[in-house]
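S.K.: below: sequence and its predicted model.
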Amino acid sequence: MNIRGNLLDVSGLRVSFYTYRGVIKALNGVDLWMDSKQRLGVVGETGCGKSVTALAIMRLIEEPGEIQAGRVIFDGTPLLARSPGKPGTRFQSQPLEIEGKRWKERTEEQMEKVRGKELSMIFQEPRSALNPVMRVGFQMAESISKARKISIRDADPHVREMLKTVGLDANRVIQMYPHELSGGMAQRVMIGMGLSTNPKLLIADEPTSALDVTIQAQILELLDHLAREGGNAVLMITHDMGIVAEFCDYVMVMYAGNSTEYAATKDLFNDPLHPYTQGLLKAVPRVGRIEELQAIPGTVPDLVEPPTGCRFHPRCPKATNLCSTDQPLFHEVKPGHYVSCHLYLNPKEDE
Amino acid sequence: MNFVSFILRRIILMIIVLVGVGCIVFVVSRVIPADPVGAILGGNAPVEVVDRMRAQLGYDRPIAVQFIDFIQGAIRLDFGVSLRTNRPVMTDIMEYFPVTMELAIVAIFISILTGVVLGVLSAVYRNRWIDQFSRIFSIFGVSMPVFWTGLMLILVFYGILGWLPGAGQYDWMIELDNPLTSITGMRLLDSLLQGNWHAFWDAFRHIILPAIVLGLTATAIIARITRASMLDVLKQDYIRTAKAKGLKKRIVILRHALRNSLIPTVTVIGLTFGSLLEGAVLTETVFSRQGLGRYITNGLLGLDYPAVTGGTLYIALIYCLANLIVDIVYAILDPRMRS
Amino acid sequence: MKSFEKTQTLKPYLDDLKHTLYLWRKSHLTMVGSVIIGLFLLVAIFAPLIAPYSPIEQDLSKRLIGPGSQHFFGTDHLGRDIFSRVIHGSRTALWIIFLVSVISTAIGTIVGVVSGFFGGVIDEILMRITDMFLAFPSLVLAMFIAAMLGPNLTNAIIAISLVGWTVYARLVRAEAIKIKSMPYIEAIRSVGASRLRIIVLHVLPMCVSPILVQMTLRMGTIILTAASLGFLGLGAQPPAPEWGVLVSDGRGYLMNQWWISTFPGIAIAFVVLGFNLLGDGVRDMLDPRLRR
């Protein structure tokens, strides 16, 4: 068993949603990993499973979704340890061996202890992510109160301090209701809430996608500054390559429920290996580019009946026959640079 | 300012409607029956008696005059004298109405409590046994005739088990030992106010079964609405945030989800009040409680026109008032009215 | 060639129908409701054939017998077989539902169409009148009207109809208003379509679906109201085998001869349940949002 990140290691994550339309095989074996204080960007088109991955790490996947298999190790403890069940059952909990000890995945009560404390998450639509009938101050105090085991009242000074840190007028904002905030303010509140417990890892699910472009830059800067100071690792989910370039040390590209490429940001931009990544970068406007923008032909596949073999093969300009039959493994091709593509895989290699 | 003018408009509307209600009641009670007095006294009554009664009731005057008298009387809340009790109808109403009110209040209290709890549990433990049970209960709850449910429960709890009394509002033997003075006309309240615990417990034992029966339909509806509303709320983003904060499931439900999900429930509660008034008529008959419903029913059967007109008008008034209050409360809750 | 075209134009309707049937079969509760109502209809239609005894013949030598093989539901205080009475009661119930539905839908539709289509003062007046009828708890008003007319089955039917039409009025009015302002109505008016024509050919057809849903949903309420009137003595009169009257019959004998009141009440609950399930299902099926 190969553990690649010392803070977070996700391996073989499979998630399906059982809907009336059929079974949506949302995640088809996702791998990702991070070290502490790192910034990882998870990029991909809408619907590729980035948010699902984040929710799976937090074990917040609910009916009709189900995490069927995979291994998630966070800060040394297994948040998830499952393997596909025998026919007839959905999955089974599979104990892991780490450092000679056997661990089962955390129970729900144990997960509750981890969430909001060492592992935090902020979401895309900040105003709808806050409870409309509660004041902002109270909602922030909740996180702090739970993490530090103090009363809501005692959390008050911490809330004020946090609001100041994120650049808001504490006295005003603490009394306000979410619908009275602007998008930018609400996201600051969410960031404040997320970082108030000084988590080891903050997952940010497209935190700026719902905001104005000008506000986006501010929010990213705030996040950057705070995370750097607090020493928090950030898993940034986004579809915007620009944000990745600015903010993240490492990037993981996802497509249709699979990890397709992983590298340090610079390496990815300079030397994209996977045809999908290459396509993505060709579609992004860059200063100094002269060639036309090119869209990737085709559309995102239906995940109820996904393509066989490599899920990208119908749209891939370099597809071969092998691509339509065999799923390529996510494999280290150059030092620190992983791809899942038959173009780079030695078929005889096994893990 | 929007708010005040809204309320004023509703009140004026209500008054117009009440006038119309008065017309309907008048038309139905005076115009429709061919010979009300003859009907009361029976076919064999001597003519003089019939004529005398007709004069006494004022039915011998032209319809238009009768109508004006009626309206004037209604505004003063003077509905004449009951043919059966020989007291002013309004006095009767004042005595019997609190009984009905008391029953309705207890019923709605039980309904809200049971309905909300069932609805929440149903939504949180979706498709498990509590949900199935609650949904089946809801469906049955709105299907069973109130009067039959009352009889069945009397059969079980009084006839078979003997736990609860089967009829009436109090046990006269307990009343003899612990006499109760009537302050509000509601025994539960009066006994509480006077610290008369025996009377209180007795009144409670007599009211619990009819209240449950009366509230059954309302419970079913409230449970259903709470469930739907809760399911809706649980899908919202802010619930996901609450979970991501690592809050315990119980806190997420009770603190974050519940308040949001109760808003539609509150409107429904207002609407069910109407069904309670109707049900009260039947419940009082089945449980032999001296409330306004029973008064009207007996009046209808005994052709006590003044009592019936008065009672029906009064119930319509209460009903309209209740609806008005619901509209106001909803306007308060609806955020569009807030800012 | 022509028949092929015809089938082609019909195809979307056929597909729609097939999908409706599919949805109907898939929802278990709706199926249960349909079965119950189907049973109810059969029993009501074939009542004389199914009932082993006469519903009104008395036999004082057979009073107050408990449920058994001779008398499935027992006999009442006059020796009448309760099972037969309940069976025949379904006929009464069916009759009531049918008449009340037709009458109240008719009244409501007329009021609604006139109110919605012509608008203005007429609309205001008619809506106020509707409010006035709605100002009473419906049972109380029905009781009142029935008593004043003279308690019997016919008058009960009239009373219930007079109380129930308001729902249809509002529904139809809403549809009429919606359609009235549609551009295509303006278009055909400009080529001389009379208002009557518009109402009949354009407004009314759009109302059929919501009216049907409401009718099904209200059938349960109609039975309950009728039974309540019967129970109180303000509707059908003894010895008529109306279910509410049957329950009332047994009241004096409740403790020891529980079957007299129990079985008719179960019949009521059962049928109302069926209508509720069916109505819910019909509503869900016709709701475009839920149709997938």
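M.R.: Sure thing, it's come through.
S.K.: which element is the spatially most central residue of chain B on?
M.R.: Residue closest to the average C-alpha location in chain B (C-alpha atoms, centre = their mean): residue B:277, at 2.7 Å. Using DSSP states H and E, the element containing residue B:277 is helix B:258-287.
S.K.: next one: that helix to chain centre, how far?
M.R.: 8 Å (C-alpha atoms, centre = their mean, to the nearest Å).
S.K.: is any part of that helix close to chain C?
M.R.: Yes. Among the residues of helix B:258-287, B:274-275, B:277-278, B:281-282, B:285-286 lie within reach of chain C under C-beta under 8 Å from any C-beta of the partner chain. Quick note: C-beta positions are derived from backbone N, CA and C, even for glycine.
S.K.: near chain B, which residues of the stretch 101-250 of chain C show up?
M.R.: C:128-129, C:131-133, C:135-141, C:143-145, C:147-150, C:220, C:224, C:227-228, C:231-234, C:244, C:247, C:250.
S.K.: show me which of these are buried.
M.R.: Those of these that meet the buried threshold are C:129, C:131-133, C:135-141, C:143-145, C:147-149, C:220, C:224, C:227-228, C:231-234, C:244, C:247, C:250, by 16 or more other C-beta atoms under 10 Å in any protein chain shown.
S.K.: of all of chain B, which residue lies closest to chain A?
M.R.: Per C-beta to the nearest C-beta, the residue of chain B with the smallest distance to chain A is residue B:246, at 3.2 Å.
S.K.: just for chain A, where's the confidence low?
M.R.: A:1, A:85-102, A:286, A:289, A:345-351 (pLDDT under 70).
S.K.: so which residues on it come close to chain B?
M.R.: Contact residues (C-beta under 8 Å from any C-beta) of chain A with chain B: A:58, A:60, A:63, A:108, A:111-117, A:120-121, A:123, A:125, A:128-134, A:142-143, A:146-147, A:190, A:193.
S.K.: and for residue A:12, the neighbour number?
M.R.: Other residues lying near residue A:12 total 17 when counted by other C-beta atoms under 10 Å in any protein chain shown.
S.K.: next up, the contacts around it.
M.R.: Contacts for residue A:12 (C-beta atoms under 8 Å, 6 or more residues apart in numbering or on different chains) come out as A:29-31, A:69-71.
S.K.: on that earlier part again, closest to residue B:208 among the residues of helix B:258-287 next to chain C?
M.R.: For the residues of helix B:258-287 next to chain C, the residue nearest residue B:208 by C-beta to C-beta is residue B:286; the value is 14.3 Å.
S.K.: any weak-confidence spans in the stretch 1-150 of chain B?
M.R.: The stretch 1-150 of chain B contains residues with pLDDT under 70 at B:1-2, B:31-43, B:57.
S.K.: strands of that one, start to end?
M.R.: Secondary structure of the stretch 1-150 of chain B (DSSP state E, counting those that start in this stretch): no strands located.
S.K.: re earlier: can you add distance to residue B:202 and give the contacts of residue A:12 back as TSV?
M.R.: Converted to TSV, these look like this (distance: C-beta to C-beta, whole Å):
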residue	distance to residue B:202
A:29	71
A:30	68
A:31	73
A:69	65
A:70	64
A:71	66
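S.K.: among these, which two are most distant?
M.R.: Spatially, the most separated pair among those is A:31 and A:69, at 12.4 Å (C-beta to C-beta).
S.K.: spell out which residues are contacts of both of the two.
M.R.: With C-beta under 8 Å, 6+ apart as the test, residue A:31 and residue A:69 both reach A:12-13.
S.K.: identify the residues contacting residue B:260.
M.R.: Residue B:260 neighbours (C-beta under 8 Å, 6+ apart): A:131-133, B:233, B:236.
S.K.: how long is stretch C:39-57 end to end?
M.R.: Taking C-alpha to C-alpha, to the nearest Å, the first and last residues of stretch C:39-57 lie 26 Å apart.
S.K.: buried residues in it?
M.R.: C:40, C:43-44, C:47, C:51, C:53, C:55.
S.K.: pick out the residue in chain A sitting closest to chain C.
M.R.: Counting by C-beta to the nearest C-beta, chain A gets nearest chain C through residue A:20, at 7.5 Å.
S.K.: ok, how many other residues are close to that residue?
M.R.: 7.
S.K.: next, count neighbours for residue 168.
M.R.: If you meant another chain, say so; for now it's chain A. Neighbour count for residue A:168, taken as other C-beta under 10 Å: 21.
S.K.: try again with chain C
M.R.: So residue C:168, with other C-beta under 10 Å, has 25 neighbours.
S.K.: can you name the next helix or strand after the helix or strand it falls within?
M.R.: Per DSSP H and E, residue C:168 falls inside helix C:153-180. Elements were assigned by DSSP H and E; along the chain past helix C:153-180, the next helix or strand is helix C:183-190.
S.K.: re earlier: next SSE after the helix holding residue B:277?
M.R.: Next along from helix B:258-287, by DSSP H and E: helix B:292-301.
S.K.: the next helix or strand after that next one and chain A in contact?
M.R.: Next helix or strand after helix B:292-301 toward the C-terminus (DSSP H and E): helix B:305-333. No. Using C-beta under 8 Å from any C-beta, helix B:305-333 never reaches chain A; the gap is at least 10.7 Å.
S.K.: give me the buried positions along helix B:305-333.
M.R.: Buried, per 16+ other C-beta under 10 Å, within helix B:305-333: B:305-320, B:322-324, B:326-328, B:331.
S.K.: check which helices and strands the helix or strand residue C:83 falls within sits against.
M.R.: Using DSSP H and E, residue C:83 sits in helix C:82-118. Secondary-structure packing of helix C:82-118 (3 or more C-beta pairs under 8 Å, 6 or more residues apart in numbering or on different chains; DSSP states H and E): helix C:28-45, helix C:47-50, helix C:120-134, helix C:153-180, helix C:204-232, helix C:243-249, helix C:259-286.
S.K.: make JSON lines from these and add mean pLDDT and distance to chain A to it.
M.R.: Converted to JSON lines, the helices and strands packed on helix C:82-118 look like this (pLDDT from 0 to 100; distance: least, C-beta to the nearest C-beta, whole Å):
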{"stretch": "helix C:28-45", "mean pLDDT": "88", "distance to chain A": "15"}
{"stretch": "helix C:47-50", "mean pLDDT": "83", "distance to chain A": "41"}
{"stretch": "helix C:120-134", "mean pLDDT": "87", "distance to chain A": "32"}
{"stretch": "helix C:153-180", "mean pLDDT": "89", "distance to chain A": "30"}
{"stretch": "helix C:204-232", "mean pLDDT": "88", "distance to chain A": "23"}
{"stretch": "helix C:243-249", "mean pLDDT": "90", "distance to chain A": "40"}
{"stretch": "helix C:259-286", "mean pLDDT": "87", "distance to chain A": "14"}
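S.K.: any idea of the pLDDT on the residue nearest to the centre of chain B?
M.R.: As predicted, residue B:277 sits at a pLDDT of 83.
S.K.: tell me the contacts of it?
M.R.: Per C-beta under 8 Å, 6+ apart, neighbours of residue B:277: B:100, B:104, B:293, B:315, B:318-319, B:322, C:137, C:140.
S.K.: which of the contacts of residue B:260 has the most neighbours?
M.R.: Ranking the contacts of residue B:260 using other C-beta under 10 Å puts residue A:131 first, with 25 neighbours.
S.K.: any part of stretch B:63-71 near chain C?
M.R.: No. Against chain C, stretch B:63-71 shows no contacts by C-beta under 8 Å from any C-beta, the least distance being 14.5 Å.
S.K.: can I take it that residue A:80 is in a helix?
M.R.: No. Checked against DSSP: H, G, I helix; E, B strand; the rest coil, residue A:80 lies outside a helix; its state is strand.
S.K.: can you tell me how far the spatially closest residue to it that is not a sequence neighbour is from residue A:103?
M.R.: Distance criterion C-beta to C-beta, 6 or more residues apart in numbering or on different chains; nearest residue to residue A:80, sequence neighbours excluded, is residue A:72 at 3.9 Å. Look at residue A:72 and residue A:103: by C-beta to C-beta, to the nearest Å, they are 12 Å apart.
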